[in-house]
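In: Quick check, what structure comes out for this input:
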Amino acid sequence: MFEIADRLDAALRSGRPLAVATAVSISGSAPRTIGTSMAFDGEAVFGSIAGGCVEGAVVEVCERVLADGRSQTVEYGISDDTAFGVGLTCGGQLRIHVQLVTPDSVIARQLAVATRGGSAAIASVITGSGFERRVAAELDSRIALGSSGLGTVHCEGEDLEVFFEVSPRPARMIIFGAMEFSAALAAASTVLGYRVTVCDPRSLFTTAERFPGVEIVVEWPTAYLARTQVDERTVICVLSHDDRFDTELIADALALPVAYVGAMGSRRTSDRRFAELRAKGISKERLDRLHSPIGLSIGASTPEETAVSILAEVLACRAATAPRSLRSTAGSIHRDLAIREPEPREPALYEFEPREPDLFESEPREPEPREPEPNEPEPNEISLNELGLHERLGALPAR
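Out: Numbering: from 1, shown residues only. Below is the predicted model:
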């Protein structure tokens, strides 16, 4: 429900009651995750509960809930004879709880808190009734753990099935350096729900016009990092390329209990920074936490592409998983994936050598020697791939 909190809050503040449908249990290959919601106000639908698979059928349930105010729980799945009829062709199973939410309800107040960036939580009773104090105590426990999900509350010999949905305060994304790559990363991070701060000591470049919708701080980076609050979900990205403070800033960031520390730069710059950090006595354990050069190797070049590369690495670190293509995996997409061998196929025209070039390298590297294949023609002095790289380098900002 919290993923569309802003839209729900806006509708409720206008005085409209809503029927809100939430996925409380998902198994198999269903396209969304638990807590995903859609709402219906009698005229319009917003949000999506299953990527378009069952929305039509759910609207009919929402109409009944709006009419009589009674919550309903429905299930759709591959074993249901009506699954194809309602559009669930993905092969998964969904359990959906539909309830009436009025502007003066507890849920409405929690949605408003979440919209303002605060920590919020909702407990929806699926089966059973009563024992509000016991449910509230369990919700407090869930808030402390930051855990959402379907649970059973035992009280006085009775069981209540309750869906607990917790929305903690958004995680922080702190970006050091006000440049075009920073602007793209700030915008993309906001879309993913991060609370973004951009810090740079240069007021000329650190402006609200350049970084709309995020917190901007004109301050010496090491001083700001020393005074700001971080936690185990905080992401720190050093994009500044400023020898006056970069190494010290990275060292300070590595000493903090944060989720991710990354630094932009060429291989040469990265190697120099690692050497400087070792000279400052930074332990190998801390250095192993530094992602430099920052991002995944996906062929990114533009600021927007580079933002995708960085955030892809951040998400992979958060999930503690090694990035790989879904086509090389088997089983359910949203569970632990087993690696399978890809099927033989013709090579695509856009495939390159295994090692991708570093787009921030100031000088091209010599290709590693290899044995020529039988009947292989002599290589050109400069490959088309290298030529394209040099052309793109001309568009990158000077350091």
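In: quick one: low-confidence parts of the stretch 251-399 of the chain?
Out: Regions of the stretch 251-399 of the chain meeting the criterion pLDDT under 70 cover residues 331-399.
In: and the residue sitting nearest the centre point of the chain, what is it in contact with?
Out: Nearest to the geometric centre of the chain sits Leu192, at 4.9 Å (CA atoms, centre = their mean). Under the criterion of CB atoms under 8 Å, 6 or more residues apart in numbering, the neighbours of Leu192 are Leu311. C-beta: built from backbone N, CA, C; applies to glycine.
In: which secondary structure elements does the longest helix belonging to the chain contact?
Out: Using DSSP state H to assign secondary structure, the helix with the most residues in the chain is helix 303-319. Of the remaining helices and strands, those touching helix 303-319 by 3 or more CB pairs under 8 Å, 6 or more residues apart in numbering; DSSP states H and E are helix 180-191, strand 260-263.
In: contact partners of it?
Out: 180-181, 183-185, 187-189, 192, 235, 237, 259-260, 262, 291, 294-300, 322-323.
In: Quick one, which of the residues you listed are buried?
Out: Applying a neighbour-count criterion of 16 or more other CB atoms under 10 Å, the buried members of the contacts of helix 303-319 are 181, 183-185, 187-189, 235, 237, 259-260, 262, 291, 294-296, 300.
In: What strand or helix carries Val24?
Out: Take DSSP states H and E as the rule and Val24 turns out to sit in strand 18-27.
In: and that strand, which strands flank it?
Out: Paired neighbours of strand 18-27 in the sheet (DSSP bridges): strand 37-40 (antiparallel), strand 93-101 (antiparallel).
In: Any idea how far that strand is from the middle of the chain?
Out: Centroid separation for strand 18-27 versus its chain: 21 Å, with CA atoms, centre = their mean, to the nearest Å.
In: Could you list the buried residues of that strand?
Out: Of the residues in strand 18-27, those buried (16+ other CB under 10 Å) are Leu18, Ala19, Val20, Ala21, Thr22, Ala23, Val24, Ser25, Ile26.
In: any chance of these in CSV, plus distance to Val61 and pLDDT?
Out: Below are the buried residues of strand 18-27 laid out as CSV (distance: CB to CB, whole Å; pLDDT from 0 to 100):
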residue, distance to Val61, pLDDT
Leu18, 13, 94
Ala19, 8, 94
Val20, 11, 93
Ala21, 7, 92
Thr22, 12, 90
Ala23, 13, 88
Val24, 14, 88
Ser25, 16, 85
Ile26, 17, 80
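In: What segments of the stretch 251-399 of the chain are helices?
Out: Using DSSP state H, counting those that start in this stretch, the helices of the stretch 251-399 of the chain run over residues 267-279, 284-287, 303-319, 384-393.
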